[in-house]
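>>> take a look and give me a structure for this.
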Amino acid sequence: MELPAVNLKAIILVHWLLTVWGCMNGIFPASYAWGNFSVLAVGIWAIVQRDSLDAIVMFLTGLLLTVLTDIIHISVFYPPNNYLSDEKRFSIGMAIFSLLLKPVSCYLVYRMYRERGGEYTFNIGVARAGRDRSTYEPIDQQDAPPQWPDSSKTAQQPY
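Residues are numbered from 1 along each chain as shown. This is a model prediction of the structure:
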């Protein structure tokens, strides 16, 4: 199933609106707002520089980090039930909705990264300890004769 192409501007606009609504009542500390708005500023940089892989990678990394920080903020600063007014419920609900939407946004931003030419794939293979010397070319000897005879040029047999 192929997801439709989503504009980066739409992702940033939705997360900006949800972050503003999440910060409305001052339930969360300033670090919640600073973290989310600074990542959205990096997303604006990714919009402005369409060819930059660095901008989109930093935006993706920031989104992934704010997932973790949002979980910490919501779990630590969630007030008890007897202190919840309707405004605070709305604010916390929008922060939770933003948190739930971030993995989808991360996937869409990762697809944009791949469209821009990024080739990072998750590889959990075993790294080899040696060096691959099959493409090694010495640069100190420009026209040196080959060290081994060429196997394509076989010696002609006498008749």
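>>> which helix or strand contains the residue most central in space within the chain?
With distances taken as Cα atoms, centre = their mean, the chain has Leu60 as the residue nearest its mean C-alpha position (2.8 Å). Element membership for Leu60, per DSSP states H and E: helix 53-77.
>>> output the contacting helices and strands for that helix.
Under the contact criterion of 3 or more Cβ pairs under 8 Å, 6 or more residues apart in numbering; DSSP states H and E, helix 53-77 touches helix 30-48, helix 86-115. C-betas here are computed from N, CA, C, even on glycine.
>>> figure out which of those helices is closest to Leu64.
Judged by Cβ to Cβ, the one of these that comes nearest to Leu64 is helix 86-115, at 5.9 Å.
>>> buried residues, the closest one. List them.
By neighbour count on 16 or more other Cβ atoms under 10 Å, the buried set for helix 86-115 is 88, 91-92, 94-96, 98-99, 102, 105-106, 108-110, 112-113.
>>> rewinding a little: close enough to count as contact, the residue nearest to the centre of the chain and Val109?
Yes: counting by Cβ atoms under 8 Å, Val109 is a contact partner of Leu60 at 4.8 Å.
>>> low-confidence ranges, this protein, go.
Residue ranges of the chain with pLDDT under 70: 1-5, 120-159.
>>> rerun at 90
Within the chain, the ranges that satisfy pLDDT under 90 run 1-7, 25-27, 50-54, 78-86, 111-159.
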